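Undergrad: the following block contains a protein sequence and its predicted model.
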Amino acid sequence: MESQSNVSEFILLGLSSDQNIQTFCFVLFSFCYIGLLIGNLLILISIRCSPLSQQPMYYFLSHLSSMDICYTSSVTPKLIGDLPVERKTISYGNCMFQVFSMHFFGMIEVLILTVMAFDRYVAICKPLHCMSIMNRTRCNFLVLAAWAGGAVHSFPQFSMIIQLPFCGPSEIDHYFCDIFPLLKAACTDTYITGVIMLVNSGMVTLTTFVVLFFSYVVILFTLRHHSAEGRRKALSTCGAHITVVVLFFGPSIFAYLRPPTTFPEDKVFALFYTIIAPMFNPLIYTLRNSEMKNAMRKVWCQTS
């Protein structure tokens, strides 16, 4: 990987220098990551092995579970492995790969959440045309578009980051390689690069959040004309989506929609969109969803 950097590795300062806190975090995040993997794999396999895979909402949910695993795995295993050790380092190549994978899979997840909101809009506001609008060809196209959007978002950022010169000290005040801490560590003026990154990450995140917000406002407004049972079922599904959106987008907007600088609170907020929100996704989408729970019982509790 060609670059102007004179450093071969970066030192990650991590979440805290307190050994007791690091031990606690090691145990906590290990359980969180194992729970995330088990929960999302259960959802993924349950949907793929049941008739639910033919329904657009669950088709998109299976892809969201896949992205949760890929997105979180680009950061969390490294964080867990670093917590017990005193000197936390990451090679230059792995650092650059972490930047790319975080934003690539993260953007795909954002776009799939947007597609899921569109699917809920069609199902609730245009129920008679739902299956014709959200046919399998269109669903496949929307997922492919989400992957293309992830590439369009992440490749320009990656290309700008790898051109930055790093000449020491090679310390990053974070637990993973993120854009703003890397801009701070670069030994050149990064103002223009920071503004471009702000537009790319911050404005994209805000715009998507606004689109999602107004789509759910329209959905909730439309529900006034539905029966009490229809409202209850729709609100249960939409409530799960809205919870996921708030958990993921709230901290993301704080992290990226601001001048390119770093704050001590960044690491705490980053935990929400890198570990906590993906961990809760399986619980949020299954606990109040009778179809999902029934499908999981049929797939995993079959008796011979």
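TA: Great, that's in hand.

Undergrad: low-confidence stretches in the stretch 151-300 of the chain?
TA: 168-169, 226, 229-231, 233-237, 258-264, 287-289 (pLDDT under 70).

Undergrad: where do the helices of it begin and end?
TA: 179-185, 191-197, 204-222, 228-256, 266-271, 277-287, 290-300 (DSSP state H, counting those that start in this stretch).

Undergrad: I'd like to check what contacts the fifth one. Which residues are they?
TA: This points to helix 266-271. Leu15, Asp173, His174, Tyr175, Phe176, Asp178, Phe180, Pro181, Pro251, Phe254, Ala255 (C-beta atoms under 8 Å, 6 or more residues apart in numbering). Quick note: C-beta positions are derived from backbone N, CA and C, even for glycine.

Undergrad: now do the contacts for the fifth one.
TA: Pointing back at Phe176 there. Leu12, Val75, Lys78, Leu79, Gln98, Met102, Ala270, Thr274.

Undergrad: what would those residues look like in a markdown table with neighbour count?
TA: Shown next, in a markdown table, are the contacts of Phe176 (neighbours: other C-beta atoms under 10 Å):
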| residue | neighbour count |
| --- | --- |
| Leu12 | 23 |
| Val75 | 24 |
| Lys78 | 19 |
| Leu79 | 23 |
| Gln98 | 17 |
| Met102 | 23 |
| Ala270 | 23 |
| Thr274 | 24 |
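
Undergrad: in helices only, show me those residues.
TA: Under the assignment DSSP state H, those contribute Lys78, Leu79, Gln98, Met102, Ala270 to helices.

Undergrad: just to revisit the earlier point, pick out whichever of the contacts of Phe176 sits closest to Cys167.
TA: Proximity of these to Cys167 (C-beta to C-beta) peaks at Leu12, which lies at 18.1 Å.

Undergrad: per-residue confidence for that closest one?
TA: Looking at Leu12, its pLDDT reads 89.

Undergrad: so it sits right up against Ser170, yeah?
TA: No. Using C-beta atoms under 8 Å, Leu12 is not in contact with Ser170; the gap is 10.0 Å.

Undergrad: how is the residue nearest the centre of the chain assigned, secondary-structure-wise?
TA: For the chain, the residue nearest the mean C-alpha position is Gly106 (4.3 Å; C-alpha atoms, centre = their mean). What DSSP: H, G, I helix; E, B strand; the rest coil gives for Gly106 is helix.

Undergrad: next up, the contacts around it.
TA: Counting by C-beta under 8 Å, 6+ apart, Gly106 has contacts Tyr71, Gly150, Tyr273.

Undergrad: can you tell me which of the ones in helices among the contacts of Phe176 is nearest Ser66?
TA: Met102 (15.8 Å).

Undergrad: my guess is Asn35 contacts Asn281. True?
TA: Actually, residue 35 is Gly. It isn't Asn. No. If you go by C-beta under 8 Å, Gly35 and Asn281 don't touch, sitting 11.0 Å apart.

Undergrad: more neighbours: which of those two?
TA: Neighbour count, other C-beta atoms under 10 Å: between Gly35 and Asn281, Asn281 has more, with 27 against 14.

Undergrad: against Glu171, how distant is the more buried one?
TA: 33 Å (C-beta to C-beta, to the nearest Å).

Undergrad: number of residues surrounding Val7?
TA: Val7 has 18 nearby residues by other C-beta under 10 Å.

Undergrad: if we can go back for a sec, make TSV out of the helices of the stretch 151-300 of the chain and add distance to Cys139.
TA: Shown next, in TSV, are those (distance: least, C-beta to C-beta, whole Å):
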stretch	distance to Cys139
helix 179-185	32
helix 191-197	32
helix 204-222	17
helix 228-256	17
helix 266-271	31
helix 277-287	17
helix 290-300	17
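
Undergrad: of the ones you listed, which is nearest Leu61?
TA: helix 277-287 (6.1 Å).

Undergrad: relative to helix 228-256, how tilted is the closest one?
TA: 180 degrees (axes from the mean of the first three to the mean of the last three C-alpha atoms, to 10 degrees).

Undergrad: for helix 277-287, name the packing helices and strands.
TA: helix 19-48, helix 56-73, helix 228-256, helix 290-300 (3 or more C-beta pairs under 8 Å, 6 or more residues apart in numbering; DSSP states H and E).

Undergrad: name the residues that touch that helix?
TA: For helix 277-287, the surrounding residues in contact (C-beta under 8 Å, 6+ apart) are 32-33, 35-36, 39-40, 42-43, 61, 64-65, 68, 71-72, 240, 243-244, 247-248, 251, 292-293, 296.

Undergrad: and stretch 23-34, by the same measure?
TA: Applying C-beta under 8 Å, 6+ apart, the set of residues contacting stretch 23-34 is Leu15, Ser16, Thr72, Thr76, Pro77, Leu79, Ile80, Leu83, Pro84, Ile275, Ile276, Met279.
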